[in-house]
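Colleague: Next comes the sequence, and after it the predicted model I'd like to discuss.
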Amino acid sequence: MSMSWQGWYYLAPLLVVLLFYLRRHRERESHARIKLEETQKSNIPEPLTLHPVIDPNKCLGSGACVRACPERSLGIVKGKAMLVAPDHCIGHGACASACPFEAVSLVFGTEKRGIDIPQVKPTFETNVPGIFIAGELGGMGLIRKGVDQGQRAIQTIAKKKGKDGQLDVVIVGAGPAGFSASLAAKEAGLRFVTLEQEDGMGGSVYHYPRRKLAMTAPMQLPIVGKFNRHEISKEELLEFWNKTIKKTGLKIHFSERMDSLQRISGGFIVKTPKTEYKAANVLLAIGRRGTPRKLGVPGEEQPKVVYRLIDAEQYRGQHVLVVGGGDSAAEAALSIAAERGTTVTVSCRGDEIFTRPKDKNRQLLKQGVEKQKITVYVNANVKEIGTDTATIVHDGKDIVLKNDAVIVCAGGTLPTPMLKEIGVLVDTYYGQALPT
Ligand SMILES: Cc1cc2nc3c(=O)[nH]c(=O)nc-3n(C[C@H](O)[C@H](O)[C@H](O)COP(=O)(O)OP(=O)(O)OC[C@H]3O[C@@H](n4cnc5c(N)ncnc54)[C@H](O)[C@@H]3O)c2cc1C
């Protein structure tokens, strides 16, 4: 039976919409497949914090989780949701709430890579009385969670004040958790110091890529009140925090790292390179990025030596040495080499700079070397850093390079051994959820 022209008149728009939908669906699937292949080829590791695991038997490929993920880390491949860009996942957990079929669970670690999470009570105190943990170190990432936990930890600490000659608390770290804890400590009139190893405010936020949009939720900050934003650029957020510090007179000891934490009768001693503090309580709000590994060479203390690239533009026209062999080193070298007038040299202890980084970074690095935009010394070690030179040892010979800046990307030392040393119980998670 043939359809009348009126039938076609009504059906045609539906067919157009359907074709359009199918085309978009196919494009998205192929995009997700490419992302997944890139991830597998490049050995991109599993996320360091909370991340989703999707049960393929329950997933019907609705794509609700894909749309809900603010970091675009999920995709539909062969009709099922998958974590196609694990390095983008930061544990928002929006995927799990969005799935209509309860196919998404949120877990820590994977079978291959365990994640250490310290045991923390609902008061944020650990099994060691007086040692508190807030923020990402306790397992839960996200700005708003850190802000919430930091101030709640202080509520308990305020009931356990120190004796004479002792601080009530040393707050270690000035990321979202340490910042809100410091405001809460000030509001509660506690005797406290806040230590931050970096020279600026913000913790992980300080290191987000330029103009990254931070997704968050309205939150309550001590002294300041309600912070009512869902989306804010990294720069705006840092500006807000810095203005708050000025307005409230909050004192943060920047560039002062906690080197060690020792238990003594009735409290703790926190040692830094500058001094030591006696305190009844210590709040560790140190996140999970660890302390950057140093080179331990003469001249490293100069301000031109940094441990992470923040802004490539600032190196325009300069001679820069990048030290390291992973993605951070490759990305730092590539972005600085793209700036006008730069001379970029990479010094790598083995030859991993050509094997370890993501496929895309490896290819770009090779091209950079071929085009003589980047010079790479493999099996090389930095010997010393002068005011306008840097000396590396390669093939047993000293090579003296002109140098204005050094970016050291040699990884970090994680806090787990320090936690275990002071007796904090730590569990290793291999793809399980935190007990509720
Ligand atoms: C690329 C990226 C994008 C992200 N995007 C978002 C987002 O959009 N929304 C969101 O909510 N979350 C996001 N997150 C996660 C969020 O930034 C973190 O969960 C949050 O910053 C954790 O806060 P924190 O205070 O626990 O730790 P951190 O922010 O890591 O701060 C810890 C601080 O402690 C300091 N420290 C460490 N050791 C010592 C020591 N020994 N002595 C002194 N100081 C020390 C560190 O220097 C650091 O400043 C993102 C994370 C990354 C990496």
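Modeller: Alright, I've got the coordinates.
Colleague: Surely residue 36 is in contact with residue 78?
Modeller: No: between residue 36 and residue 78 there is no contact under Cβ atoms under 8 Å: 10.1 Å. All C-beta atoms are positioned from the backbone trio N, CA, C, and that covers glycine.
Colleague: Among the two, which residue is more densely surrounded?
Modeller: More crowded of residue 36 and residue 78, by other Cβ atoms under 10 Å: residue 36, with 17 against 10.
Colleague: where's the more buried one, which helix or strand?
Modeller: Using DSSP states H and E, residue 36 sits in helix 5-41.
Colleague: Now do that helix: distance to the chain's middle.
Modeller: 35 Å (Cα atoms, centre = their mean, to the nearest Å).
Colleague: tell me which strands and helices the next helix or strand after that helix is in contact with?
Modeller: As assigned by DSSP H and E, the chain's next helix or strand after helix 5-41 is strand 51-54. Using 3 or more Cβ pairs under 8 Å, 6 or more residues apart in numbering; DSSP states H and E, the elements in contact with strand 51-54 are strand 80-83, strand 104-107.
Colleague: taking the ones you listed together, which one is wrapped up most tightly?
Modeller: strand 80-83 (a mean of 22; mean count of other Cβ atoms under 10 Å).
Colleague: The residue of the stretch 1-150 of the chain found nearest the ligand and residue 260, how far apart?
Modeller: Relative to the ligand, the nearest point of the stretch 1-150 of the chain is residue 135 (2.2 Å; Cβ to the nearest ligand atom). Distance, residue 135 to residue 260, by Cβ to Cβ, to the nearest Å: 21 Å.
Colleague: ok, those two, which is more surrounded?
Modeller: Higher neighbour count among residue 135 and residue 260: residue 135, with 34 against 12, using other Cβ under 10 Å.
Colleague: May I have the residues that are in contact with that one?
Modeller: 145-146, 149-150, 173, 175-178, 203, 285-287 (Cβ atoms under 8 Å, 6 or more residues apart in numbering).
Colleague: tell me which parts of the protein are close to the ligand?
Modeller: Residues of the chain lying near the ligand by Cβ under 6 Å from any ligand atom: 90, 135-136, 141-144, 146, 172-178, 195-198, 203-205, 208, 214-216, 257-258, 285-287, 289, 291.
Colleague: Would you map out the domains in the protein?
Modeller: Taking automatic domain parsing as the reference, the chain has its domains at 5-107, 117-290+415-429, 305-411.
Colleague: Including mean pLDDT, could the ones you listed go into CSV?
Modeller: Below are the domains of the chain laid out as CSV (pLDDT from 0 to 100):
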stretch, mean pLDDT
domain 5-107, 85
domain 117-290+415-429, 93
domain 305-411, 94
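Colleague: So what's the residue count around the nearest residue to residue 318 once chain neighbours are set aside?
Modeller: Distance criterion Cβ to Cβ, 6 or more residues apart in numbering; nearest residue to residue 318, sequence neighbours excluded, is residue 404 at 3.9 Å. Residues lying near residue 404 (other Cβ under 10 Å) number 17.
Colleague: With residue 199 instead?
Modeller: Residue neighbour count, defined by other Cβ under 10 Å, stands at 11 for residue 199.
Colleague: ok, now how distant is it from residue 206?
Modeller: Distance of residue 199 to residue 206, computed by Cβ to Cβ: 9 Å.
Colleague: go on, residue 249?
Modeller: Note on residue 249: its distance to residue 206, by Cβ to Cβ, is 21 Å.
Colleague: can you check residue 173 too?
Modeller: Distance check for residue 173 against residue 206: by Cβ to Cβ, it reads 12 Å.
Colleague: Of the two, which one has the most company?
Modeller: Neighbours per residue (other Cβ under 10 Å) separate residue 173 from residue 206, with residue 173 holding more: 28 against 19.
Colleague: May I have the phi/psi pair for the closest residue to residue 64 other than its chain neighbours?
Modeller: Once flanking residues are discounted, residue 64 sits nearest to residue 98: 4.4 Å by Cβ to Cβ, 6+ apart. Backbone torsions of residue 98, given as degrees, to the nearest 10, read phi -80, psi -20.
Colleague: Likewise for residue 425?
Modeller: phi -80, psi 130.
Colleague: sorry, back to before: out of the contacts of residue 135, which are inside helices?
Modeller: Counting by DSSP state H, these place 145, 146, 149, 150, 176, 177, 178 in helices.
Colleague: residues near the last one, how many?
Modeller: Other residues within reach of residue 178 by the criterion other Cβ under 10 Å amount to 27.
Colleague: Start at 14, not 1
Modeller: In the new numbering, first residue 14, that becomes residue 191.
Colleague: Check the gap between it and residue 411 for me.
Modeller: 42 Å.
Colleague: and if you look at residue 65?
Modeller: Per Cβ to Cβ, residue 65 is found 51 Å from residue 411.
Colleague: In terms of neighbours, single out the busier of those two.
Modeller: Remark: of residue 65 and residue 411, residue 65 carries more neighbours, 26 against 10, as counted by other Cβ under 10 Å.
Colleague: mind checking how far the more buried one is from residue 302?
Modeller: Plainly put, residue 65 is 22 Å away from residue 302 if you go by Cβ to Cβ.
Colleague: Residue 277 too?
Modeller: For residue 277, the distance to residue 302 - Cβ to Cβ - is 29 Å.
Colleague: The two: who's more crowded?
Modeller: Using other Cβ under 10 Å as the criterion, residue 277 and residue 302 rank with residue 302 on top: 17 against 8.
Colleague: Please tell me I have it right and residue 62 contacts residue 301.
Modeller: Yes: Residue 62 is in contact with residue 301 according to Cβ under 8 Å; the separation is 6.9 Å.
Colleague: Give the residues shared as contacts by these two.
Modeller: Listed as contacting both residue 62 and residue 301 by Cβ under 8 Å, 6+ apart are 149, 154.
Colleague: burial count for the closest residue to the ligand within the stretch 314-449 of the chain?
Modeller: Closest contact between the stretch 314-449 of the chain and the ligand, by Cβ to the nearest ligand atom, is at residue 428 (6.7 Å). Neighbour count for residue 428, taken as other Cβ under 10 Å: 24.
Colleague: ok, it - contacts?
Modeller: Counting by Cβ under 8 Å, 6+ apart, residue 428 makes contact with 150, 297, 299, 301, 303, 304.
Colleague: out of the residues you listed, which are buried?
Modeller: In terms of neighbour count (16 or more other Cβ atoms under 10 Å), the buried residues within the contacts of residue 428 are 150, 297, 299, 301, 304.
Colleague: how about the first one, secondary structure?
Modeller: Reducing the assignment to helix, strand or coil with DSSP: H, G, I helix; E, B strand; the rest coil, the entry for residue 150 is helix.
Colleague: Nothing else from me, thank you.
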